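[1] Show me the folded form of this:
(chains A and B)
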Amino acid sequence: MIPISWYLILGAILFVIGAAGVLLRRNVLIVLMSLELMLNSVNINLLAFGYEMNDPRGQIMAIFIIAITAAEVAIALGILVALLRNKRTLEVDDLTIMKG
Amino acid sequence: MEQQFFILLALVAIGTALLVVIARNPIHSALSLVACFVQIAALFVLLGSPFLAVIQLFVYVGAIMVLFLFVIMMLDVRKEAHGQFINNNRFIQKGAIATIVALLALASELLFLLSQSSRLHAVMTQQSVIGDEPTKQLSLTLFRDFLLPFEVASVILLVALVGAVVLAKSDRPNHRLSEHKQGATKEVSK
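    Sure thing, here's the model as predicted:
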């Protein structure tokens, strides 16, 4: 029997790694991939609690997160391709068209 | 025994996740993220949700990461990885050592899991993970209590599909096509 805290610790470690990738890397593609990693660590937490409490709603939340992530990735990569057609750079610091 | 499986999968997942952030070439990041997602899918099986594990493999590894790889190969990443491939006279370059270590770790994990597969199967059947009862319960909950969010999610996916097509479509080929057509009609009229 695996204690639930192990899953929570693993989820926290993966989330911190993903957050570090979002904050520290300057490549847009790697920032997007780190976002995927963070969403997946949240899925681990949801499934761990759902398994512990014997409740299928954790799995259902994870299914919705996966669906929304697929939509988000399609939109993000579409925006990226449209942006790079005008501006040939992958650096986050150079992509400041929206004055962000 | 179950805890040993968990520790193995978790260690490999953390290692590949670190490699995602550390790797200089975006293709290496994408491939190690694929490895990380496969470990997480195996953890989902240990968590008693084999359906989610299959969904993870299909959607994340099969669709999202392949989309990422296509976009990476469409874009020009040679500038990022340029420093790696200068002076590549040697057979094993400096940057390839990390790759070889990662591949060896993955291969040893695969061999361990293959050699222990009967015990893994025993762990799963003892938990009643294999079998259709949890998946049946999940589908009943999804299509009875969460039917409206399910439909909303499908609409969101449709909107994202249309939006991605509109965003990625460029105007220039249409202009070129219309100019070409005009030229063709002129030639015909001559």
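[2] pretty sure residue B:102 contacts residue B:29?
    No - using C-beta atoms under 8 Å, residue B:102 is not in contact with residue B:29; the gap is 11.8 Å. Backbone N, C-alpha and C define where each C-beta goes, glycine included.
[3] Out of these two, name the residue with the larger neighbour count.
    residue B:29 (25 against 19; other C-beta atoms under 10 Å in any protein chain shown).
[4] I'd like the distance from the more buried one to residue A:32, if you could.
    Shown here: residue B:29 relative to residue A:32, a distance of 10 Å by C-beta to C-beta, to the nearest Å.
[5] How about residue B:54?
    24 Å.
[6] Same drill for these two, tell me which one is more crowded.
    Using other C-beta under 10 Å, the more surrounded residue of residue B:54 and residue A:32 is residue A:32, with 20 against 14.
[7] what helix or strand does that one sit in?
    According to DSSP states H and E, residue A:32 maps onto helix A:28-52.
[8] How about that helix and chain B, touching?
    Yes - Helix A:28-52 is in contact with chain B by C-beta under 8 Å from any C-beta of the partner chain, via A:29-30, A:32-34, A:36-37, A:40, A:43-44, A:47-48, A:50-51.
[9] Run the chain-centre distance for that helix.
    Chain-centre distance of helix A:28-52: 6 Å, with C-alpha atoms, centre = their mean, to the nearest Å.
[10] try stretch B:157-167
    Worked out by C-alpha atoms, centre = their mean, stretch B:157-167 lies 20 Å from the chain centre.
[11] got it, and stretch A:68-88?
    15 Å.
[12] do it and chain B meet?
    Yes - Stretch A:68-88 reaches chain B (C-beta under 8 Å from any C-beta) through A:68-75, A:77-82, A:84-85, A:88.
[13] buried set for that stretch?
    Residues of stretch A:68-88 classed as buried: A:69-78, A:80-81, A:83-84 (neighbour count, 16 or more other C-beta atoms under 10 Å in any protein chain shown).
[14] what sits in contact with each of residue B:102 and residue B:29?
    Contact criterion C-beta atoms under 8 Å, 6 or more residues apart in numbering or on different chains; residues shared by residue B:102 and residue B:29: residue B:19.
[15] Residue B:163 and residue A:76 touch, don't they?
    No - between residue B:163 and residue A:76 there is no contact under C-beta under 8 Å: 10.7 Å.
[16] hey, where'd the helices end up in chain A?
    A:4-24, A:28-52, A:57-86 (DSSP state H).
[17] Buried deepest among the ones you listed, which one?
    Mean neighbours per residue, mean count of other C-beta atoms under 10 Å in any protein chain shown, is largest over those for helix A:28-52, with a mean of 22.
[18] Can you name every helix or strand that that one contacts?
    Contacts defined by 3 or more C-beta pairs under 8 Å, 6 or more residues apart in numbering or on different chains; DSSP states H and E place helix A:28-52 against helix A:4-24, helix A:57-86, helix B:2-22, helix B:26-46, helix B:65-74.
[19] Kindly indicate whether the closest residue to residue A:85 other than its chain neighbours is helix, strand or coil.
    Among residues not flanking residue A:85 along the chain, residue B:170 sits closest, at 6.2 Å (C-beta to C-beta, 6 or more residues apart in numbering or on different chains). With DSSP: H, G, I helix; E, B strand; the rest coil as the basis, residue B:170 sits in coil.
[20] where in chain A is pLDDT low?
    A:98-100 (pLDDT under 70).
[21] now do chain B
    B:76-95, B:125-132, B:171-190.
[22] list the helices and strands the helix or strand hosting residue B:55 packs on?
    Taking DSSP H and E as the criterion, residue B:55 maps to helix B:50-55. For helix B:50-55, the packing partners by 3+ C-beta pairs under 8 Å, 6+ apart come out as helix A:57-86, helix B:26-46, helix B:133-144.
[23] now the second one, how far from the centre of its chain.
    Think helix B:26-46. 7 Å.
[24] Return the set of buried residues in that helix.
    B:26-46.
[25] Ok, the last one next?
    Neighbour counts over helix B:133-144 (16+ other C-beta under 10 Å) mark B:134, B:135, B:138, B:142 as buried.
[26] Give me the contact list for stretch A:35-54.
    So stretch A:35-54 is contacted by A:4, A:7-8, A:10-15, A:17-19, A:21-22, A:55-59, A:61-62, A:65-66, A:69, A:73, B:17, B:20, B:33, B:36-37, B:40, B:43-44, B:47-49, B:52, B:56, B:60, B:64 (C-beta under 8 Å, 6+ apart).
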